[in-house]
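Enquirer: The following block contains a protein sequence and its predicted model.
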Number of protein chains: 2
Amino acid sequence: MDRPRKPTLDTVAGVVGVSRATVSNAYNRPDQLSAALRERILETAASIGYAGPDPVARSLATRHSAAVGFMLGQGLSASFADAALSIVLDGLASTVDGHDHCLVLMPGRDKGGPRPETVTRAQADVVVAYSLPDDAPALAAVRARGLPLVVIDQPVLPDTARVEVDDFGGARLAASSLWEAGHRRFGVVTFALHPDGHSGPVTPARLASTSFRVTRDRLHGYLDVTGADTPVWECTRSNRELGRAGARALLSTSPRPTALLCASDELAFGALQAVRDLGLRVPADVSVVGFDDVPAAEHADPPLTTVRQPLADKGRHAGELALRLLDGGRPGEPTRLPVSLVPRDSTAPPK
Amino acid sequence: MDRPRKPTLDTVAGVVGVSRATVSNAYNRPDQLSAALRERILETAASIGYAGPDPVARSLATRHSAAVGFMLGQGLSASFADAALSIVLDGLASTVDGHDHCLVLMPGRDKGGPRPETVTRAQADVVVAYSLPDDAPALAAVRARGLPLVVIDQPVLPDTARVEVDDFGGARLAASSLWEAGHRRFGVVTFALHPDGHSGPVTPARLASTSFRVTRDRLHGYLDVTGADTPVWECTRSNRELGRAGARALLSTSPRPTALLCASDELAFGALQAVRDLGLRVPADVSVVGFDDVPAAEHADPPLTTVRQPLADKGRHAGELALRLLDGGRPGEPTRLPVSLVPRDSTAPPK
DNA sequence: AGTGTGAACTAGAGCGCTTCAGAACGTCCA
DNA sequence: TGGACGTTCTGAAGCGCTCTAGTTCACACT
């Protein structure tokens, strides 16, 4: 039972009666041979079931794999539950796919990003990192392999391209608007400060050592306006249910906060629900603000006041940066994308 | 300016003074050399900045790339907005990652799955397809390359592994429970029948030619109980907003349906909202059922009656099947996972 | 001393492709 | 008529690794 071996370039070359180089050219450099011959080659290839040059062999020969890796800080289902992340990823994917590159996903496993072995074995010639803790081992693995790296929303590492958003400024913007409206008692609901699965009230010590840059900046932006003694509730992840629980905890203290500042829209949706759970009204009794401006924010009940950041642009930009690095481009200065406050109906002056 | 070339196996071998094979063994077959030598090799490698065998070269030599491809029917952000898909994908990713395989994503571009070129160039040695139209070109591209294929919820193709769920039976189950409770006027909200972006009422002709197997089965399951003349509203995708709009349309007819059967939970969440929009109550005025039993179903307002399918299992199973095919295993019989009705508070007898 | 054995290591042939430096063959112009 | 060019195609050297079939060597046993 001898399996028919898969046809290779050589097989095709043999059948057509030309050299292997010519067949290769038929696929990669149509201008290097006559149209007629090319046509004949392609036809023969199809007829013997040759589907085109093997991607792996091609990668070895060309020394690039036409794939960009994407490192996630969490598992896939957790990641996908995050609309903001999804949009970024989609922006990235469309850029990258448009340039005939694939996307290799490296989901976070142990808390803190993908396993280093995953990174070491991944066939990608550039990787982009998103919402990893600043000291993730995966980051080190990328460097060890000498792969170009682009980070989104993370501290600059040497030789690394970066796209970022003014999280601190955005958060300040939101908090200030509430402060100016007259609010004085605030509560903050945030996602993880550390990849350790902890949730609950945040101590100053924990706050000081925050290992996610985004968390740190948004929190500091809020607290810069509301004061360092503002109660902060940490959720292990950014999702509706956890936000609901956190907000409920914050709202059960007395005096009750008149405004809830959330580190993400997803958390804010939960907060909206929590306010209702307690028989209170938004914004009459409690104002709620989010961060990100995901599409659902506009359709929330009530529509959510939030800080907009250009999510899809972030992904697209990261994709372009990655592609540029591949072309041998220098990382250059970090790109900073604008944020803005989008006032909607979830905020009002306190009673 | 001569760039220091990246070290290779040979470099390390040269420095240590052993053959290349031995260095290779140090990484891949520790039992083939003495512990001391292995130690020395690994140390030297680290000291000259060698991060381990190049994945691409290794793939070429071993003839497998340790990656599984995943073909999506839609863009990433649309896909991720779908909790059910996310869970499946996560199940798949954890299986696959546990076996040191990467996940290569091929997002749908043109309606109907990834571009065939994307498939042709992807470095994966098995691919799994999910919610593609039955005639997606990407499917053909996979076959052309001769890659093993596992499909989730799709018609069997020759030589293809498959995991599926009894969508027809599940839908029937849900519809029957409503029928038995006394409902006689139904409305059905479904996601796409064809990848053409159409939305609105579904004609019998369109229904008859449905190109997504899942859609077809769930719909037929519902209509099998409620009658072929039941109004069906098609949404281009499975998301809350579209479901809300569809349900609103269905509820605006008179006589108004007393029960809404949705093809997914996501759509059902929208339906819940639509009922509220019209000043009606669930389940007093309108019963709503979903399909999938995503985690949010339990926390919906009111908690959603739905058909449960083991989503994570589906992904894990697909992953195992993929891994087995890689090992040269035969596709075997399709695996059929169980479904069940989960009665919660969104359904009740009609008034 | 002769032989058998197992452990430790190596030589070298690929894996399937790209690519660069030509070769072969017109063609065109002086 | 000759040579300068262009076009079209080829030969062969890699790309960085794996893996089979050895070779070597130390040691134990007869």
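Expert: Sure, I can see it. Numbering: from 1, shown residues only, chains lettered A, B, ... in the order given.
Enquirer: Residues touching the worst-scoring helix or strand of chain A on mean pLDDT, excluding its own?
Expert: Across the helices and strands of chain A, mean confidence by mean pLDDT, DSSP states H and E is lowest for helix A:76-80: a mean of 85. For helix A:76-80, the surrounding residues in contact (CB atoms under 8 Å, 6 or more residues apart in numbering or on different chains) are A:72-73, A:85-86, A:89, A:105, A:107-108, A:237, A:239, B:79-80, B:83, B:85-87, B:89-90, B:93-94. (Each C-beta comes from the backbone N, C-alpha and C, glycine too.)
Enquirer: Which ones among these map onto strands?
Expert: The strands, defined by DSSP state E, take in A:Leu105 from the contacts of helix A:76-80.
Enquirer: DNA strand D next: which of the contacts of helix A:76-80 are close?
Expert: Applying CB under 7 Å from any atom of the strand to these, one finds that nothing falls near DNA strand D.
Enquirer: Now do A:Pro133 against A:Gly73, distance only.
Expert: 7 Å (CB to CB, to the nearest Å).
Enquirer: Now the common contact residues for these two.
Expert: Common neighbours of A:Pro133 and A:Gly73 (CB under 8 Å, 6+ apart) are A:Gly112, A:Gly113, A:Pro195, A:Phe212.
Enquirer: do you know how far the residue of the stretch 1-150 of chain A found nearest DNA strand D is from A:Arg40?
Expert: DNA strand D sits closest to A:Leu33 of the stretch 1-150 of chain A, with a gap of 3.0 Å, by CB to the nearest atom of the strand. Using CB to CB, one gets 10 Å for the distance from A:Leu33 to A:Arg40.
Enquirer: Same check on A:Pro303?
Expert: Taken as CB to CB, the span from A:Pro303 to A:Arg40 is 63 Å.
Enquirer: Over to A:Tyr27?
Expert: From A:Tyr27 to A:Arg40 the distance is 14 Å (CB to CB).
Enquirer: Just to check, A:Ala136 is in contact with A:Gly112?
Expert: Yes - with contact defined as CB atoms under 8 Å, A:Ala136 counts as touching A:Gly112 (4.9 Å).
Enquirer: can you list the residues of chain A near DNA strand D?
Expert: Residues of chain A lying near DNA strand D (CB under 7 Å from any atom of the strand): A:17-22, A:25, A:31-34, A:37, A:57, A:60-61, A:63.
Enquirer: So which of those sit within helices?
Expert: If you go by DSSP state H, the residues of chain A next to DNA strand D have A:Arg20, A:Ala21, A:Thr22, A:Asn25, A:Leu37, A:Ala57, A:Leu60, A:Ala61 in helices.
Enquirer: so which of those residues are also by DNA strand C?
Expert: Among these, the ones lying near DNA strand C by CB under 7 Å from any atom of the strand are A:Arg20, A:Ala21, A:Asn25, A:Ala57, A:Leu60, A:Ala61.
Enquirer: Out of those residues, flag the one nearest to B:Val202.
Expert: Distance to B:Val202, by CB to CB, is smallest for A:Ala57 among those, at 47.7 Å.
Enquirer: which residues touch the nearest residue in space to that closest one that is not next to it in sequence?
Expert: Of all residues not flanking A:Ala57 in the chain, B:Leu60 sits nearest, at 5.5 Å (CB to CB, 6 or more residues apart in numbering or on different chains). B:Leu60 sits next to A:Val56, A:Ala57, A:Leu60 when contact means CB under 8 Å, 6+ apart.
Enquirer: A:Arg38 too?
Expert: A:Ala26, A:Pro30.
Enquirer: Tell me how far it lies from A:Pro30.
Expert: 6 Å.
Enquirer: same check, this time on A:Leu60
Expert: From A:Leu60 to A:Pro30 the distance is 23 Å (CB to CB).
Enquirer: what's the answer for A:Val119, then?
Expert: From A:Val119 over to A:Pro30 (counting by CB to CB), the distance is 37 Å.
Enquirer: Neighbour count for these two, which is higher?
Expert: The neighbour count for A:Val119 versus A:Pro30, taken as other CB atoms under 10 Å in any protein chain shown, is higher for A:Val119 (27 against 12).
Enquirer: which other helices and strands contact the host helix or strand of the more buried one?
Expert: Assigned by DSSP states H and E, A:Val119 falls within helix A:116-121. Under the contact criterion of 3 or more CB pairs under 8 Å, 6 or more residues apart in numbering or on different chains; DSSP states H and E, helix A:116-121 touches helix A:137-145.
Enquirer: residues in contact with the helix it packs on?
Expert: Residues from elsewhere that reach helix A:137-145 (CB under 8 Å, 6+ apart): A:71, A:106, A:112-120, A:127, A:129, A:132, A:149, A:157, B:49, B:51-52.
Enquirer: Tell me which residues of that helix come out buried.
Expert: A:Pro137, A:Ala138, A:Leu139, A:Ala141, A:Val142, A:Arg143, A:Ala144, A:Arg145 (16 or more other CB atoms under 10 Å in any protein chain shown).
Enquirer: of the residues you listed, list those near DNA strand C.
Expert: Near DNA strand C, judged by CB under 7 Å from any atom of the strand, there are no entries from those.
Enquirer: Please work out which residue of the stretch 151-300 of chain A is closest to DNA strand C.
Expert: For the stretch 151-300 of chain A, CB to the nearest atom of the strand, closest residue to DNA strand C: A:Ala161, 24.3 Å.
Enquirer: That residue pairs with what?
Expert: Residues in a beta bridge with A:Ala161, per DSSP bridges, are A:Val150.
Enquirer: again with A:Val342
Expert: A:Thr306.
Enquirer: how close does the residue of the stretch 151-300 of chain A closest to DNA strand C sit to B:Gln32?
Expert: Counting by CB to CB, the gap from A:Ala161 to B:Gln32 is 41 Å.
Enquirer: For the two, indicate the residue with more neighbours.
Expert: The neighbour comparison of A:Ala161 against B:Gln32 (other CB under 10 Å) goes to A:Ala161, with 27 against 12.
Enquirer: who in chain A is up against DNA strand C?
Expert: A:5-6, A:8-10, A:20-21, A:24-25, A:27-28, A:53-54, A:57-58, A:60-62.
Enquirer: swap the cut-off to 6 Å and go again
Expert: Counting by CB under 6 Å from any atom of the strand, chain A comes close to DNA strand C at A:8-9, A:20-21, A:24-25, A:27-28, A:53-54, A:57-58, A:60-62.
Enquirer: Filter these down to just the buried residues.
Expert: For the residues of chain A next to DNA strand C, buried by 16+ other CB under 10 Å: A:Leu9, A:Ser24, A:Asn25, A:Tyr27, A:Pro53, A:Asp54, A:Arg58, A:Leu60.
Enquirer: pLDDT added to those, as CSV?
Expert: Below are those laid out as CSV (pLDDT from 0 to 100):
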residue, pLDDT
A:Leu9, 96
A:Ser24, 97
A:Asn25, 97
A:Tyr27, 96
A:Pro53, 96
A:Asp54, 96
A:Arg58, 97
A:Leu60, 97
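Enquirer: Which two of the residues you listed have the greatest separation?
Expert: Largest separation among those by CB to CB: A:Asn25 and A:Leu60, giving 18.3 Å.
Enquirer: low-scoring pLDDT stretches of the stretch 51-200 of chain A, where are they?
Expert: When residues are selected by pLDDT under 70, none of them lie in the stretch 51-200 of chain A.
Enquirer: which residues of it fall in helices?
Expert: A:55-62, A:76-80, A:83-98, A:116-121, A:137-145, A:167-180 (DSSP state H, counting those that start in this stretch).
Enquirer: need the contact list for the residue of the stretch 1-150 of chain A closest to DNA strand D.
Expert: Applying CB under 8 Å, 6+ apart, the residues contacting A:Leu33 are A:Thr22, A:Asn25, A:Ala26.
Enquirer: now do A:His220
Expert: Contacts for A:His220 (CB under 8 Å, 6+ apart) come out as A:Phe168, A:Ala171.
Enquirer: can you do 6 Å?
Expert: Shown in contact with A:His220 (CB atoms under 6 Å, 6 or more residues apart in numbering or on different chains): A:Phe168.
Enquirer: in what helix or strand does it lie?
Expert: In the assignment (DSSP H and E), A:His220 maps to helix A:213-226.
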